[in-house]
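A.B. asks: any chance you can model this:
(chains A, B and C)
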Amino acid sequence: MEERPKRLALIASKGSLDQAYPPLILATSASAMGWEVGIFFTFYGLDILHKARLPRLRVSPIGNPAMPPPIPALPMLKVPNLLRALPGMTAVATTMMKRWMTRAKIPPIKELLDLCIEADVQLFACTTTMSVLGIKQEDLIPQARCAGAATFLDYAAEADVALFV
Amino acid sequence: MEERPKRLALIASKGSLDQAYPPLILATSASAMGWEVGIFFTFYGLDILHKARLPRLRVSPIGNPAMPPPIPALPMLKVPNLLRALPGMTAVATTMMKRWMTRAKIPPIKELLDLCIEADVQLFACTTTMSVLGIKQEDLIPQARCAGAATFLDYAAEADVALFV
Amino acid sequence: MEERPKRLALIASKGSLDQAYPPLILATSASAMGWEVGIFFTFYGLDILHKARLPRLRVSPIGNPAMPPPIPALPMLKVPNLLRALPGMTAVATTMMKRWMTRAKIPPIKELLDLCIEADVQLFACTTTMSVLGIKQEDLIPQARCAGAATFLDYAAEADVALFV
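C.D. replies: Model prediction:
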């Protein structure tokens, strides 16, 4: 009966490189299916809209026991936590993740975000978090629209799928 | 046609200080909009209902590469993981987060929880997790209502928005 | 009017032992209530379907300040991060978690997964992540069905509850 498009409402709350992919991949996939999509960036997820921080998203080499082994052919080889805490290991893990993404033909985060913008995905920046983290509107990309939790809830109430990432 | 209020169903599964804010902020926002809200506290999230642990929720200084820099004016300055693992750094990160929240006029977790109680937000304590973590009903605030996953699923099935935080 | 069963759509994106329980417990609970359930395993969550990695899921002893104290009778005793980073502490935390689960009569992850299979829970393996992490279909249990984000979104659009874990 009704012919409105389906809608996906996402909250992106994480700002590490590996956790920035899922909301953007879900958003671009849904857009490609003709869905309306809105993403509410909150807490560390705001870094994805942050002009200076977006290019510097990183993967944590520690606190993530599920992180794949550095040498896929030796799946049982794990790097001990103490070694992972050494200076430089965050850079190693980040470089590794980016290399895997390129090999799998996943666009970099910046390109995924550009795809979202081209597809008219709504990019909400959580005003409460901006205030907490001392982030100003001019720190964010111009497509970011400042909004509170109430705006997101209204948006999500009409969604077919809503997910907190 | 129908005039029942909208409903928000949340799962709060995280117990670090920074990850305790999102479910409580969403809950109080939805309540203020006239929504019915229920939160199912499970795994580490149970600490939010735990009388002795609630005042001691902390922020991890490691394993979170998106953690904002200690000096906002120097956004590129990041604290190396090995330094973050030093004794005392968890306390530093926790104090820093609390200061930011106060500056942004976000009530402390305890007050957010009190706002939820005043607004009749349902606070479900996951019985399975209680058993796993050895938590007894008397360890929790009196408003906590012990319930299993089935109770939450029934509640969420009638919700307009359901999120796992 | 309609008599179709309720449906739960889950995304399992985490691969640490403690974070593998929630999606499987929700799935088996919903199945027991007569719901249709589908789980989309993506990113580190794919380890749950990975024949070689499933038996080796671990708990991180660091980066999780909410991790319960090692001695429940002394709830204020916390292990400092630097100690937690020592070799062997991941094994200690993993053994501790498994012991708590057994005490609470929660089946091990492998058995929960078997319960899901017996209950015809759909187990989707994210093809994008498989490509990123270099995981092949033969690395996964035979019940895993390779699928993209679009398949999950179609499935979730008809769900009564959809959650990203």
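
A.B. asks: chain A: helices as residue ranges?
C.D. replies: All helices of chain A, identified by DSSP state H, fall at A:17-32, A:81-84, A:89-103, A:109-118, A:127-133, A:149-157.

A.B. asks: what's the most buried one of these?
C.D. replies: Of the helices of chain A, the one with the most neighbours on average (mean count of other CB atoms under 10 Å in any protein chain shown) is helix A:17-32, at a mean of 23. (Glycine included, C-beta is placed from N, CA and C.)

A.B. asks: now it: average pLDDT?
C.D. replies: On average, the pLDDT along helix A:17-32 is 95.

A.B. asks: tell me the gap between it and the middle of its chain.
C.D. replies: Relative to its parent chain, helix A:17-32 has a centroid offset of 7 Å by CA atoms, centre = their mean, to the nearest Å.

A.B. asks: ok, stretch A:7-25 next?
C.D. replies: Worked out by CA atoms, centre = their mean, stretch A:7-25 lies 3 Å from the chain centre.

A.B. asks: quick one: end-to-end distance for it.
C.D. replies: Stretch A:7-25 has an end-to-end distance of 15 Å (CA to CA, to the nearest Å).

A.B. asks: I'd like the helices of chain A as a markdown table, with distance to residue C:108 appended.
C.D. replies: As requested, the helices of chain A are exported to a markdown table (distance: least, CB to CB, whole Å):
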| stretch | distance to residue C:108 |
| --- | --- |
| helix A:17-32 | 27 |
| helix A:81-84 | 24 |
| helix A:89-103 | 29 |
| helix A:109-118 | 36 |
| helix A:127-133 | 38 |
| helix A:149-157 | 36 |
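
A.B. asks: between those helices, which one is nearest to residue A:142?
C.D. replies: Nearest to residue A:142, of all these, is helix A:109-118, at 9.6 Å by CB to CB.

A.B. asks: give me the distance between the spatially most central residue of chain A and chain C.
C.D. replies: The residue lying closest to the centre of chain A (CA atoms, centre = their mean) is residue A:20, at 2.3 Å. Taking CB to the nearest CB, to the nearest Å as the measure, residue A:20 and chain C are separated by 11 Å.

A.B. asks: list the contacts for that residue?
C.D. replies: Neighbouring residues of residue A:20 by CB atoms under 8 Å, 6 or more residues apart in numbering or on different chains: A:12, A:14, A:45, A:47-48, A:57, A:109.

A.B. asks: between those residues, which is closest to chain B?
C.D. replies: The closest of the contacts of residue A:20 to chain B turns out to be residue A:47 (CB to the nearest CB; 5.5 Å).

A.B. asks: nearest residue to that closest one other than its sequence neighbours?
C.D. replies: Of all residues not flanking residue A:47 in the chain, residue A:15 sits nearest, at 3.8 Å (CB to CB, 6 or more residues apart in numbering or on different chains).

A.B. asks: check contacts around the one you found.
C.D. replies: Counting by CB under 8 Å, 6+ apart, residue A:15 touches A:43-48, A:53, A:57, B:65-66.

A.B. asks: between the residues you listed, which has the most around it?
C.D. replies: Sorting the contacts of residue A:15 by how many neighbours each has (other CB atoms under 10 Å in any protein chain shown) puts residue A:48 first, at 30 neighbours.

A.B. asks: isn't that one up against residue A:109?
C.D. replies: Yes - using CB atoms under 8 Å, residue A:48 makes contact with residue A:109 at a distance of 7.0 Å.

A.B. asks: give me the below-cutoff pLDDT ranges for chain A.
C.D. replies: Counting by pLDDT under 70, chain A shows low-confidence ranges at A:1-2, A:61-87.

A.B. asks: try it again with 80
C.D. replies: Along chain A, segments meeting pLDDT under 80 span A:1-3, A:60-90, A:92.

A.B. asks: any idea how far chain C is from residue A:18?
C.D. replies: Distance, residue A:18 to chain C, using CB to the nearest CB: 7 Å.

A.B. asks: spit out the contact partners of that residue.
C.D. replies: Listed by CB under 8 Å, 6+ apart, the contact set of residue A:18 reads A:59, A:97, C:43.

A.B. asks: let's see it at 6 Å
C.D. replies: A:59, A:97 (CB atoms under 6 Å, 6 or more residues apart in numbering or on different chains).
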